[in-house]
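In: What would the 3D arrangement of this be:
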Amino acid sequence: MDANAPILFFDSGVGGLSVLGPTLKLLPNAPIVYAADSAGFPYGKRSEAEIASRVPALLGRLVERFHPRLAVIACNTASTIALEHVRSALDLPVVGTVPAIKPAAEASTSRVIGVLGTEATVRQPYVDDLAARFASDCTIIRHGSPKLVELAEAKLRGEAIDAEDVRAAALPMFDAPDGDRIDTVVLACTHFPLLEDELRAAFPDVTYLHGGDGIARRIAYLTRDQDWPSQRSPGLMLFTSSTRMPSPAALANFGIGEIKSL
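Out: Presented below is the predicted three-dimensional model:
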């Protein structure tokens, strides 16, 4: 394995940064290429058929161009719909993003769990399967919030986020029947950990869980015997459209030093 072969991260926008951050803590010198399909954003409002065809095609082009050692679909919606399509199309390890329902069931004492994601993610049979396997004795309350995705993107553009907007976007989950008993919330969209501080301020008596740290550990395990550069290099972030560019200062906090259009 070439020490300079990058890890390829893929998302519809900036949400995958919540996976990239923990990964760089474990693998600080890993070369990074992060691709954001901003032309297709938001995935949560697209059809399953469109995502299932679009994601493997884009990742195929990216793999041909950058020859990564591993690809990470750092997007819950893309993973729950297209992960197996991507794995069958690419000849390299592909890590997906799974809603953290199992650890949520282990943590919950009230046995009422909120699953906060995109509209597309929360309706997937994959979520039904996770709930049946790991949380069969729990009440699962799902809420798809495109507004929270937009707020996370705005935050990474350097815009001020109104705490009341975050509260209002998540409130229907807590207002649902038994919603007042939710003690654990699965952040089932990689955008949402970027708003965790705002969510904690709005709903403080709740444990918030997401998969970023677990995915980072999986990446480290799969690359455990591979060589890395002797020092960190600035990561590259690519966008399929130039209309949704984040703040370079915000991206610098995640090791991104170069921004380009794909």
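In: Skipping its backbone neighbours, what lies nearest Leu8 in space?
Out: Using Cβ to Cβ, 6 or more residues apart in numbering and skipping the chain neighbours, the partner closest in space to Leu8 is Pro68 (3.8 Å). To be clear about C-beta, it is placed using only N, CA and C from the backbone, and glycine gets the same treatment.
In: Now do the same contact list for the one you found.
Out: Residues in contact with Pro68, defined by Cβ atoms under 8 Å, 6 or more residues apart in numbering, are Ala5, Pro6, Ile7, Leu8, Val33, Leu62, Leu92.
In: The fifth one in helix, strand or coil?
Out: In other words, Val33. strand (DSSP: H, G, I helix; E, B strand; the rest coil).
In: when you give positions from now on, start the count at 23
Out: In the new numbering, first residue 23, that becomes Val55.
In: my guess is it meets Phe32, correct?
Out: No: in this structure, Val55 is not within contact of Phe32 by Cβ atoms under 8 Å, at 9.3 Å.
In: Number of residues surrounding Pro256?
Out: Neighbours of Pro256 under the rule other Cβ atoms under 10 Å: 13.
In: Roughly how far does it sit from Val55?
Out: Distance, Pro256 to Val55, using Cβ to Cβ, to the nearest Å: 11 Å.
In: Could you do Ile103 as well?
Out: With Cβ to Cβ as the criterion, Ile103 and Val55 are 22 Å apart.
In: In terms of neighbours, single out the busier of these two.
Out: When Ile103 and Val55 are compared on other Cβ under 10 Å, the one with more neighbours turns out to be Ile103, at 25 against 21.
In: Nearest residue to that one in space, please, no chain neighbours.
Out: Closest to Ile103 by Cβ to Cβ, 6+ apart is Ile73, at 4.7 Å.
In: Since that was my last question, I'll sign off now.
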